[in-house]
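Participant: Could you work out the structure for the sequence below:
(chains A and B)
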2 protein chains.
Amino acid sequence: MPLTIPPLSPQLDEPVYKTLANSIKQLASQLPPHTQLPSIRQIARDIGLSPATVVAALDVATEAGVIYKRRGSGCYIAPRPSVKQAPLDDEYLPRELPPDRIDFTLGTPSPEYFPVEDFKAAFNYVLDRDRGHAFSYPEPIGYLPLRLTIANQLDALRVTTEPGTIQITAGAQQAIALVAQTLVQPGDAVCIENPTYPGAVQVMQQLGAKLIPVPVGQHGPRPSDLVNLTRVRPKLFYTIPNFQNPTGGCYSVAARQRLLALARELNFYILEDDHVSELYYTGAKPRTLWQDAPDRVLYVKSFSKLLMPGLRLGFLVLPPQLLTAVSQAKQTADLGSPGLNQRVLDAYLRSDKWPEYQAFLRKTYHYRSQVLQAALQRHLGNAAAYYPLRGGMNAWLSFPRALDVEQLQQLCAQQGVLISPGSEFSVTGTSAKHCIRISIAATFPDKIEAGVQVLAECAERLL
Amino acid sequence: MPLTIPPLSPQLDEPVYKTLANSIKQLASQLPPHTQLPSIRQIARDIGLSPATVVAALDVATEAGVIYKRRGSGCYIAPRPSVKQAPLDDEYLPRELPPDRIDFTLGTPSPEYFPVEDFKAAFNYVLDRDRGHAFSYPEPIGYLPLRLTIANQLDALRVTTEPGTIQITAGAQQAIALVAQTLVQPGDAVCIENPTYPGAVQVMQQLGAKLIPVPVGQHGPRPSDLVNLTRVRPKLFYTIPNFQNPTGGCYSVAARQRLLALARELNFYILEDDHVSELYYTGAKPRTLWQDAPDRVLYVKSFSKLLMPGLRLGFLVLPPQLLTAVSQAKQTADLGSPGLNQRVLDAYLRSDKWPEYQAFLRKTYHYRSQVLQAALQRHLGNAAAYYPLRGGMNAWLSFPRALDVEQLQQLCAQQGVLISPGSEFSVTGTSAKHCIRISIAATFPDKIEAGVQVLAECAERLL
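Facilitator: This next block holds a predicted model:
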């Protein structure tokens, strides 16, 4: 008798392809491995769904390892995993995964921390206030009241800027893309810190820029590396001077002055990605480069790290002579960011909730960074070098060059601990091969301790 | 006694810069023209606001014509407008503006028509269901359930596509930009209809493409113009084959077949912008090019025209070999469209409200187009040529070449009637100089009649 998929009981609030995927999973547990499933069209006809829905359900079931596909032949029940089929070397056997894994790769808090209720209230407030206008075509430069609110809040940095110098963007990623599209032609030299945020590298590569990696450490670039720039005459210098991603380093006063002097001398712009200078743990908020040279520095800020990445909102503060060209690039890119999201963000930023949430985030991250620092000392000892954590959420660990970081990543992952290998942040793809980044953004203190212990044990095995 | 701005009474639900702008407006009505205002810093100090807020308020007041600025000297009270200062020629004196102007330039319904309550319900539903996950980093390719819903609804066209071929974009504008970034190198030839949607022209120009304008009329391009393409060997052909923007024309069956055959012969892709083929007034929904050649046609659809432009959502259906590259371009552009908006759109598209709204829009536009057609016949007679309105919201009027369309636009605007001159849609900027586009999307039937009457009177004066 040919196999048929039983009819579905539709589930409320669950897309039907998920219901079907679950039904297939249940079926698979009762059938011998390598049993062939009916064809997509057959299943679609049997249950009365579209072929597209069936395809999606089969994709989900395949990804879950419940079935497998053979090109041109169809889908089959997958064999249940058996410990006997694992590689022979005991060391590589997966341990029991902890109930929730420890994820040191995420750069934002876990979604449970997001101020969802406050935003829900803001959405309802804005929709009642602005009605359909919230869904009209947005202005490419951005919603004026939001730009004004941002300008007002930047006043806290004692740099007075006008809403007219602010361009709203879809996060820092689009800000970098718009600036590069405006300033960089194929073949132009662009300086970029090494290691750095990989999204910036992608933008420059797509535009055909000539990338000049500038090595950075705990205190920014070395004088000798900056002096070299006189030869390459860059168009643009992309930097994260405070609590750098991925290293956590901060430019020294001398490094700042040197870079700004060079920018004036060689007539290039600096694109300053100020991702988290608000998250300082000691002393005062660090200065931005932009405070010292607003004519030379294009300032980028995203609300992804400090608030919620799914908003896809950020902004640029630009020297006046660049604003028209960048706004034109924004219009060509997407006509403007969704007006409703901008209106809701504006309402939130003007409420008391925003400073409260920033303070909460700073306190939470500060405590976690102390826990991380203590755990690194306790478990790793001298196996890796790292900078003291003075702000932000990232620690950058340098292991001896003999250690294979990819193997370390695999070993850790088998025990439910996720880390980011340094090569992900390498401009050339070949540097930082013995380094890893650890982020405490989404990890609770007790998990930080446990995760570092696993990391130390895995590293020890490989050294 | 030096002038001071009186203290503000803060208004609920109004940004403070607006309150200040209103206060300045009131002050201006009581003072002699050309009185100097205090400096920005002085006003900021007097009222206890930031300079940025004051600057914004002054901008608003300047735009309203209440004050004027002199570079390096400050702001002054503007003279009240006086009829005596208008140009001497009686014909150019502004008439009393109608209480609400008649706007034939908008391509979307007025915001009062948007299904705001349905979306408010959907926002609350999604936020309660997904909580913080709605604000996490989105997937660059788009939210899977939304892609699945779109695939299911495309099934109605009898073209089965998988969610895996769908890329979510920030409207059609970004879809065009992503495709062009993926396929077009500087200097590559790109065919583009003339006249066409200006946003597409901007994308191609920004990339340094060589634009090949292809003239289109009521039934698409002429055979001779298509045959010419064999010489230019284009990479891409951008087209709106159904109810074209701005002309409203539809490709004939022969024009479709000719274009598809040529694309196969010369090995170029067709980028089909299907902006409103759902808004057909007679017979059945017109076929898309994509239905006949899914391997050759990149299909773009925006939710701006059919739903609400402020969502900034649309999608591409791509041949499988292009999907990875386009998704990578999307990631480099903005990491992905806001996840909450995608989730809410998905919930709305799966509800009964979506087909109801589409039916409502079609009925409304159909009736308006009939009113427009009748009004054009009644008032314009043979002064302009135009195609019969078979779908969409645009009518394209060709006047005798002697008529100066810019003057026509000005004359109409003085009487509160806004029209789009044809040159806005011209690829070369020089063609379509004697044409105008009229859109009925945001205009009530009685206004359509009144607006066309004004248009006819103005045209008569100029001919």
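Participant: Centre-most residue in chain A?
Facilitator: residue A:107 (5.5 Å; Cα atoms, centre = their mean).
Participant: OK, contacts around it?
Facilitator: When contacts are counted by Cβ atoms under 8 Å, 6 or more residues apart in numbering or on different chains, residue A:107 touches A:245, A:304, A:305, A:393, A:394, A:439, A:441. (Each C-beta comes from the backbone N, C-alpha and C, glycine too.)
Participant: Chain neighbours aside, what residue packs nearest to residue A:144?
Facilitator: Closest residue to residue A:144 apart from its sequence neighbours, by Cβ to Cβ, 6 or more residues apart in numbering or on different chains: residue A:163 at 6.1 Å.
Participant: I should have written residue A:320 there, sorry.
Facilitator: Nearest non-adjacent residue to residue A:320, counting by Cβ to Cβ, 6+ apart: residue A:165, 6.2 Å away.
Participant: Can you report how many residues neighbour the one you found?
Facilitator: 19 (other Cβ atoms under 10 Å in any protein chain shown).
Participant: now the strands: where do they sit in the stretch 251-400 of chain A?
Facilitator: A:269-273, A:297-302, A:314-317, A:394-398 (DSSP state E, counting those that start in this stretch).
Participant: most tightly surrounded among these?
Facilitator: strand A:297-302 (a mean of 27; mean count of other Cβ atoms under 10 Å in any protein chain shown).
Participant: Would you mind putting the CA coordinates of that strand into CSV?
Facilitator: The C-alpha coordinates for strand A:297-302 follow below in CSV (Å, rounded to 0.1, in the frame of the first residue of the first chain):
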residue,chain,number,x,y,z
VAL,A,297,34.2,63.0,10.6
LEU,A,298,31.0,61.2,9.3
TYR,A,299,29.4,59.9,12.5
VAL,A,300,27.4,56.6,12.3
LYS,A,301,25.2,55.3,15.1
SER,A,302,22.9,52.3,15.0
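Participant: just checking, what packs against it?
Facilitator: If you count contacts as 3 or more Cβ pairs under 8 Å, 6 or more residues apart in numbering or on different chains; DSSP states H and E, strand A:297-302 packs onto helix A:171-183, strand A:269-273, helix A:289-292, strand A:314-317.
Participant: Show me the least confident stretch of these, going by mean pLDDT.
Facilitator: Mean pLDDT per stretch puts helix A:289-292 lowest among the helices and strands packed on strand A:297-302, at a mean of 94.
Participant: quick one: buried residues of that helix?
Facilitator: Buried positions in helix A:289-292, judged by neighbour count with 16 or more other Cβ atoms under 10 Å in any protein chain shown: A:289, A:290.
Participant: Any part of that helix near chain B?
Facilitator: No. Helix A:289-292 is not in contact with chain B by Cβ under 8 Å from any Cβ of the partner chain; minimum separation 15.1 Å.
Participant: what separates that helix from the chain centre, distance-wise?
Facilitator: 25 Å (Cα atoms, centre = their mean, to the nearest Å).
Participant: quick one: the residue nearest to residue A:320 from residue B:52, how far?
Facilitator: 10 Å (Cβ to Cβ, to the nearest Å).
Participant: so what sits against both of those two?
Facilitator: Joint contacts of residue A:165 and residue B:52 (Cβ under 8 Å, 6+ apart) are residue A:151.
Participant: For the stretch 301-450 of chain A, which segments are assigned as helices?
Facilitator: A:320-334, A:339-349, A:353-375, A:405-414, A:445-462 (DSSP state H, counting those that start in this stretch).
Participant: Can you name every helix or strand that the shortest one contacts?
Facilitator: Spelled out, it's helix A:405-414. strand A:420-421, strand A:435-439, helix A:445-462.
Participant: Export it to CSV, keeping only CA atoms.
Facilitator: What follows is helix A:405-414, C-alpha atoms only, in CSV (Å, rounded to 0.1, in the frame of the first residue of the first chain):
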residue,chain,number,x,y,z
VAL,A,405,40.9,28.1,16.2
GLU,A,406,38.6,26.3,13.8
GLN,A,407,39.1,23.1,15.8
LEU,A,408,38.5,25.0,19.0
GLN,A,409,35.3,26.4,17.6
GLN,A,410,34.1,22.9,16.7
LEU,A,411,35.1,21.4,20.0
CYS,A,412,33.3,24.1,21.9
ALA,A,413,30.2,23.9,19.7
GLN,A,414,30.0,20.1,20.4
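Participant: Could you tell me the model confidence score at residue A:45?
Facilitator: 83.
Participant: Does it fall in a helix, a strand, or a coil region?
Facilitator: Three-state call for residue A:45 (DSSP: H, G, I helix; E, B strand; the rest coil): helix.
Participant: show me what contacts it?
Facilitator: Residue A:45 touches nothing, counting by Cβ under 8 Å, 6+ apart.
Participant: Tell me the residues of the stretch 251-400 of chain A that contact chain B?
Facilitator: Proximity of the stretch 251-400 of chain A to chain B, by Cβ under 8 Å from any Cβ, involves residues A:304, A:308-312, A:328-329, A:331-341, A:350.
Participant: Try it again at 6 Å.
Facilitator: With Cβ under 6 Å from any Cβ of the partner chain as the criterion, the stretch 251-400 of chain A meets chain B at residues A:308, A:309, A:310, A:312, A:332, A:333, A:334, A:335, A:338, A:339, A:340.
Participant: what does the stretch 101-250 of chain A put close to chain B?
Facilitator: So far as Cβ under 6 Å from any Cβ goes, the stretch 101-250 of chain A lies against chain B at A:111-112, A:114, A:116, A:120, A:123, A:127, A:131-133, A:135-137, A:145, A:148, A:151-152, A:155, A:160, A:162-163, A:170, A:173-174, A:177, A:202-203, A:206.
Participant: how many other residues sit next to the closest residue to chain B within the stretch 351-463 of chain A?
Facilitator: Closest to chain B within the stretch 351-463 of chain A is residue A:442: 10.3 Å, counting by Cβ to the nearest Cβ. By the criterion of other Cβ under 10 Å, residue A:442 has 21 neighbours.
Participant: For residue A:403, grab the count of nearby residues.
Facilitator: 20.
Participant: for it, what are its contacts?
Facilitator: By Cβ atoms under 6 Å, 6 or more residues apart in numbering or on different chains, residue A:403 lies in contact with A:434, A:462, A:463.
Participant: Narrow those residues to those that are buried.
Facilitator: For the contacts of residue A:403, buried by 16+ other Cβ under 10 Å: residue A:434.
Participant: export the contacts of residue A:403 to JSON lines and tack on distance to chain B and pLDDT?
Facilitator: Formatted as JSON lines, the contacts of residue A:403 follow (distance: Cβ to the nearest Cβ, whole Å; pLDDT from 0 to 100):
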{"residue": "A:434", "distance to chain B": "27", "pLDDT": "94"}
{"residue": "A:462", "distance to chain B": "31", "pLDDT": "93"}
{"residue": "A:463", "distance to chain B": "34", "pLDDT": "86"}
